[in-house]
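# Got a predicted model here, sequence first, then my questions.
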Amino acid sequence: MTSHPTPDRATAVAAATVFTGPAAPYAGGDPYADHRAPDPAALPFTRLPDLADRRLGGSVTAASDEFFAERENLLNPGPARFDPAAFGHRGKVMDGWETRRRRGVHPDHPHPTADEHDWALIRLGVPGLLHGLVVDTAHFRGNHPHAVRIEGTRVPGTPGPETLFAPATAWTELVPRTEVGGHAAHAFPLPGAALGRFTHLRLSQYPDGGIARLRAHGEPLADLDWLAALGTFDLVALAHGGLVEDASDRFYSPPIHTILPGRPRTMDEGWETRRRRDAGHDWLRYRLAAEGVVRAVEIDTGCYRGNAPGWAELALWNAENGTGGGGGGGLVGGGLVGGAPAEAAVAGPGEWRLALPRTRLLPDTVHRFVLPEDTPPATHARLDVFPDGGVARLRLHGSPTEAGWRRLRERQNPTGAPAS
Ligand SMILES: NC(=O)NC(NC(N)=O)C(=O)[O-]
């Protein structure tokens, strides 16, 4: 494990959006009515995936305490729930990570010391370049922490707390100790590639209290040795570094579901569009983990029975050699997130090569298609569905080209620091 340089945070991006001060006690009705949160439009980084999401394999591997509420809740997808009537033997049931109240050591010193705090160690589901963190104290109104601090490190493999706390493990401060208020989402933009790739986070709360959710938004960068050993892998999987750039519809469920691991158990675990009443059709656009040759395609309509699309088409585009393009500004390509790699630039209209002509889809089915050996390399993919409906998963199995491997290596180590 080699330490990596601590960049000058003064060169970092937009300022944090933090809500200080107490929140009023819950007064009935919608518990989110008085929840304080930044305008999502002002926080483009939140459109990047949450790399700590437990559906990706994110895990809170250890915490100093979790007396009132389990640390695992921190990484659950979706907003924290609040049931005012739910009490257990350990107090109010809370959907978050909540520690007990710290005490001083003497009747004359009943308060904890200034530096006392609780901590949680988080392993990202997939490592990556962090563009922003969100600490949400939703529903923690009188029991939120006074301040939070977040550090990041990169350690290969699956290290335990003893390795992560070892003196040889270097941590970079991502969020300095910052005062936060109750029942609010606090956003901390980060400069992405300039900080390098992270595998783990350490969340500290001073002196104690409850945090509902932690989100770590960024560009996924899977372990290069692992990808090299696989050789052929799903180039669009989030776990391998694929991203959804844009989609025609986000009404029922987010398009990112189509590149999550595993198969959906229910309809809401896929991507479902609303019923179209016009002559158009729905589509998804992806950035592949690397330039590669796609050979085996899976289109999964799992759990979509009365609402599977009738037909689908798959098109590929290579941003590296300028064959085609188009589709307008996307998640990263549209420049919404600073520091995005040049390969993501989606320039003007152009040709997408049709890799799979319009093909009938069945409800609740994994459809498999083998593409010809001479399929040209691509960096982007587009799935068009006709006219609308649900797609549970898209898998694009293939192998990176030499240029794709080279670019992956560069992106693993954008700061030029020695690899860990
Ligand atoms: N009403 C509470 O939430 N009290 C306590 N917390 C829980 N979860 O019971 C506390 O001490 O913060």
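Arrived safely.
# near the ligand, which residues of this structure?
Taking C-beta under 6 Å from any ligand atom as the measure of proximity, the chain contacts the ligand at Phe68, Gly91, Lys92, Met94, Glu98, Arg101, Asn143. Where C-beta positions appear, they are placed from N, C-alpha and C, glycine not excepted.
# mind running it again at 5 Å?
Phe68, Gly91, Lys92, Met94, Asn143 (C-beta under 5 Å from any ligand atom).
# do you know how far the closest residue to the first one other than its chain neighbours is from Asn73?
Same thing as Phe68. The shortest distance from Phe68 to any non-neighbouring residue, by C-beta to C-beta, 6 or more residues apart in numbering, is to Glu98 (3.8 Å). Distance, Glu98 to Asn73, using C-beta to C-beta, to the nearest Å: 9 Å.
# More neighbours: these two, which one.
Using other C-beta atoms under 10 Å as the criterion, Glu98 and Asn73 rank with Glu98 on top: 30 against 22.
# From the residues of the chain next to the ligand, list the buried ones, please.
Buried residues within these, counting neighbours by 16 or more other C-beta atoms under 10 Å: Phe68, Lys92, Met94, Asn143.
# OK, contacts around the residue nearest to Phe68?
Shown in contact with Glu98 (C-beta atoms under 8 Å, 6 or more residues apart in numbering): Glu66, Phe67, Phe68, Ala69, Phe140, Asn143, Gly209, Gly210, Ile211.
# go on, Val294?
Contacts of Val294 by C-beta under 8 Å, 6+ apart are Leu235, Leu288, Leu316, Ala355, Leu371, Thr375, Ala378, Ala381, Leu396, His397, Gly398.
# okay, it: pLDDT?
Val294 is assigned 98 on the pLDDT scale.
# picking up where we left off before, and which of the contacts of Glu98 is nearest Ile256?
Ile211 (23.2 Å; C-beta to C-beta).
# Reduced to three states, what does whichever residue of the stretch 251-400 of the chain sits closest to the ligand come out as?
With C-beta to the nearest ligand atom as the measure, Asp268 is the residue of the stretch 251-400 of the chain nearest to the ligand, at 28.6 Å. On the three-state scheme (DSSP: H, G, I helix; E, B strand; the rest coil), Asp268 is labelled helix.
# and it, how many neighbours does it have?
Per other C-beta under 10 Å, the neighbour tally for Asp268 reads 13.
# Which helix or which strand is home to the residue nearest to it when sequence neighbours are not counted?
Distances taken as C-beta to C-beta, 6+ apart place Ser253 nearest to Asp268, at 5.6 Å, with adjacent residues excluded. Using DSSP states H and E, Ser253 sits in no helix or strand.
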